[in-house]
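Engineer: no sequence for this one, just the structure:
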């Protein structure tokens, strides 16, 4: 089943790097994902996120406040 992954943030450098890292690792591992970038402040607040970048997988917030580590991304994609 394809995972829907959203990167929440203003479009800042850290947010872009987070999205690139997730896309790159998913491609390496042959995992199909639907990667979306959410920049709307109201939508981001709707997830209760105070610090970005944040990562939401299948509507569950799994990370916020920094670029996630590779090992975390690999766990999410497993």
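Structural biologist: Arrived safely, thanks for sending. These figures come from a predicted structure and were not determined experimentally.
Engineer: who are the packing partners of the longest helix seen in the chain?
Structural biologist: What stands out as the longest helix in the chain, according to DSSP state H, is helix 13-29. Under the contact definition 3 or more CB pairs under 8 Å, 6 or more residues apart in numbering; DSSP states H and E, helix 13-29 sits against strand 3-8, strand 33-38, helix 70-77. The way it works is simple: take the backbone N, C-alpha and C, and place the C-beta from them, glycine included.
Engineer: buried ones in that helix, by neighbour count?
Structural biologist: Within helix 13-29, the residues that qualify as buried are 15, 18, 19, 21, 22, 25, 26, counting by 16 or more other CB atoms under 10 Å.
Engineer: Serialize the residues you listed to CSV and add fields for distance to residue 43.
Structural biologist: As requested, the buried residues of helix 13-29 are arranged in CSV below (distance: CB to CB, whole Å):
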residue, distance to residue 43
15, 14
18, 16
19, 16
21, 22
22, 18
25, 24
26, 22
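Engineer: what is the neighbour count of residue 47?
Structural biologist: Other residues lying near residue 47 total 16 when counted by other CB atoms under 10 Å.
Engineer: so what pLDDT did the nearest residue to it once chain neighbours are set aside get?
Structural biologist: Across the structure, with CB to CB, 6 or more residues apart in numbering as the measure, the residue nearest residue 47 apart from its sequence neighbours is residue 61 (5.4 Å). Model confidence at residue 61, given as pLDDT, is 98.
Engineer: wasn't residue 61 part of a helix?
Structural biologist: No - when DSSP: H, G, I helix; E, B strand; the rest coil is applied, residue 61 is found to be strand, with no helix at that position.
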